[in-house]
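S.K.: my questions are about this predicted structure, shown below with the sequence.
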Amino acid sequence: MKYLYLALLFLLPILSIGQKVDLDRYNLTVQVRTLPQMRLYSSYHTYNVVVEGTKLMQSYLQDMDPEKSVIVDGWKSLSTTGHITFRIKLEDLLPESVSVKERVENIKDKTGKITGTRIFYYQEVVYTFAALAQINDYKGEHIMDIVLADRGHKQTYKSPEFPIRQVAEGYFMINALSVTGNLYKSCVTRAMHTLSNQASNNFGYSEATISDFMWILDSRKHPEYTAHREAFQQITEVLFTFNASQSIDGVREKLQPVINYFEKIKKTYTSTKKYDRKLRYASYFNLAVLYYYLDDPQSMLKEAKGLVMNDYDANDGRVFENSALRLKNLFQSAKIYTRHFPIDPTTFKGPYETGVTKNK
């Protein structure tokens, strides 16, 4: 009996260590191609831009080429008659109020004691700008409007500072042409940037690098410690060489040993104890993340439901369920069922050119 007692004392720490499950976040990056939020005809791959300004701002617009700064990812820009046309209407830049502000600066001696003050004056101009993009296809069908800037957004210009108030008071009047020109150009540049972003989001095929993570075992004395790390290393090695322009064909086969390993964990550690549920949680979580980047929302949804049923941080499972459904709906809306494929805009032709290249 004495020897049995001593044996139990010896084994208990080992059993305790074996059951301990600590998980660490391990980061990874994956590249995917975004899919358009709005579905157009599958043959639409080119666009042109028409910019219309006002007579008052025409002299400033002549020094710019805003048409060339509109970029729709995955589309080809034409000088005229693309499948869709962005007609941009730029309104005047209008000052609403002009005032003089002051800034007080303390003067200190070598000991840090304040010995006086000096006042600097500057002019503050509140102004507004408005711009709208009307999007139509070459057949004349209206697609949508995008507000690029509106007068509800008040902007403020601050002049250089001067020690004399009268100099600040006359600054904008004396320099109105150059200041207005610079402000107008900045407004137009921002408007074109807004259009590029929204058009790429609605119609484009951008390349996006996403940072994510998985949960990897960090309990050194656990029997799965080494295998868990090796599985993650294999995942990162495969995903590191994987980009948005490569077909996903064959990638899953390379990762099948990892998938099999995490599936085995779920079947090996089956108790309802917290440490087993925690280890299974890592398997469900990691597989859900992996299937998301393998463009398999259905398998991701299965792992998400497993996370919920496993009852260890079930909220993650519900988050994954939503992500899987969003990805599934995106595929169905775009009629494209992968986020990994090559695209070469230089091969695309306009609606009145020969050899129109169709989308996937």
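M.R.: All right, it came through fine.
S.K.: low-confidence ranges in the chain?
M.R.: Across the chain, the ranges flagged by pLDDT under 70 are 1-19, 354-360.
S.K.: who touches the residue positioned nearest the centre of it in this structure?
M.R.: The chain has A208 as the residue nearest its centroid, 7.0 Å off, counting by Cα atoms, centre = their mean. Residues near A208 by Cβ atoms under 8 Å, 6 or more residues apart in numbering: Q31, V32, R33, T34, A244. Just so you know, the C-beta spots here come from the backbone N, C-alpha and C atoms, and that holds for glycine as well.
S.K.: give me the element it is part of.
M.R.: According to DSSP states H and E, A208 maps onto strand 207-217.
S.K.: ok, now L56?
M.R.: Under DSSP H and E, no helix or strand contains L56.
S.K.: that one and E91 touch, don't they?
M.R.: No. Assessed by Cβ atoms under 8 Å, L56 is found out of contact with E91, at 9.4 Å.
S.K.: the two: who's more crowded?
M.R.: Using other Cβ atoms under 10 Å as the criterion, L56 and E91 rank with E91 on top: 19 against 13.
S.K.: measure the residue lying closest to the more buried one once chain neighbours are set aside to L93 for me?
M.R.: Leaving aside its chain neighbours, E91 sits nearest to A130 (4.2 Å; criterion: Cβ to Cβ, 6 or more residues apart in numbering). The gap separating A130 from L93 is 9 Å, by Cβ to Cβ, to the nearest Å.
S.K.: comparing the two, which residue is more hemmed in?
M.R.: Comparing A130 with L93 by other Cβ under 10 Å, the one with more neighbours is L93, at 23 against 19.
S.K.: show me the strands in the stretch 101-250 of the chain, by range?
M.R.: 114-128, 131-137, 142-149, 155-158, 207-217 (DSSP state E, counting those that start in this stretch).
S.K.: from the ones you listed, which stretch is densest packed?
M.R.: Mean neighbour counts were taken over the strands of the stretch 101-250 of the chain using mean count of other Cβ atoms under 10 Å, and the top value, a mean of 19, falls to strand 131-137.
S.K.: domains of the protein?
M.R.: Taking automatic domain parsing as the reference, the chain has its domains at 20-33+211-334, 46-203.
S.K.: any idea how far the first one is from the chain center?
M.R.: Centre-to-centre, domain 20-33+211-334 and its host chain are 22 Å apart (Cα atoms, centre = their mean, to the nearest Å).
S.K.: quick one: end-to-end distance for it.
M.R.: This stretch, domain 20-33+211-334, spans 46 Å end to end (Cα to Cα, to the nearest Å).
S.K.: equivalent analysis for the longest one, please.
M.R.: Distance between the boundary residues of domain 46-203 (Cα to Cα) amounts to 11 Å.
S.K.: my guess is L23 contacts A282. True?
M.R.: Yes. In this structure, L23 is within contact of A282 by Cβ under 8 Å, at 5.6 Å.
S.K.: now for these two: what residues contact both?
M.R.: Common contacts of L23 and A282 (Cβ under 8 Å, 6+ apart): W215, I216, L217.
S.K.: mind putting the residues you listed in TSV, distance to S159 included?
M.R.: As requested, the shared contacts of L23 and A282 are exported to TSV (distance: Cβ to Cβ, whole Å):
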residue	distance to S159
W215	55
I216	56
L217	61
